[in-house]
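**Q** sequence first, then the predicted structure, then my questions.
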Amino acid sequence: MVDRLIALRAKAMSLVATCFANNSDFIHTVSQAFEVFINKRENKPAEQMAKYLDAKLRTSRAVDDAELEKTLQDVLFLFRFTQGKDIFEAFYKRDLAKRLLLNKSASFDAERSMLNKLKDGKSMRWPRLITFVADPGLSYLQSAALASRQSLRSCSRTLSCRRT
């Protein structure tokens, strides 16, 4: 879904550039149209964007930095229009923690770049996550500590698991 939205945006912007000489009214209309149809399905686009970014940030070893950066920019363009930013944040945080904990991240620089872009958008609370990625060794330890605390909490809630 996200790939098709990115392709649709590229096609629409190309059309505006060639047919309407980048007229600001047409650019604004394209942006408004994206906002309307992205939010038709409430939280699904936010979830799909987070999963798409997770896949790209996991497997981008074969992709060069410039292409990955363009993909991040395209997703952030779509992200601006979604109203489910809290849903995106929840999925992105969970996926980021998994990537860091399992050491599956393709590039810590790409992770840091994405978090900085999200922070610059001033739409959410990202500074804590940026420190999470600041030092890969430290972030691994922080991820492990967070995961162990969460598993201890879930174990204490069940009757079959006891703390020792």
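**A** That came through fine.
**Q** for the residue nearest the centre of the chain, give its distance to R4.
**A** Residue closest to the mean C-alpha point of the chain, counted by CA atoms, centre = their mean, is A50 at 4.4 Å. According to CB to CB, to the nearest Å, A50 stands 17 Å off from R4. The way it works is simple: take the backbone N, C-alpha and C, and place the C-beta from them, glycine included.
**Q** I'd like to know how many residues surround the residue nearest to S31 when sequence neighbours are not counted.
**A** Closest residue to S31 apart from its sequence neighbours, by CB to CB, 6 or more residues apart in numbering: F81 at 7.5 Å. Neighbour count of F81, defined by other CB atoms under 10 Å: 17.
**Q** so who does F81 touch?
**A** By CB atoms under 8 Å, 6 or more residues apart in numbering, F81 lies in contact with S31, F34, E35, I38, N39.
**Q** tabulate the residues you listed (TSV), appending distance to L100 and pLDDT.
**A** Converted to TSV, those look like this (distance: CB to CB, whole Å; pLDDT from 0 to 100):
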residue	distance to L100	pLDDT
S31	34	89
F34	31	87
E35	32	88
I38	28	87
N39	30	86
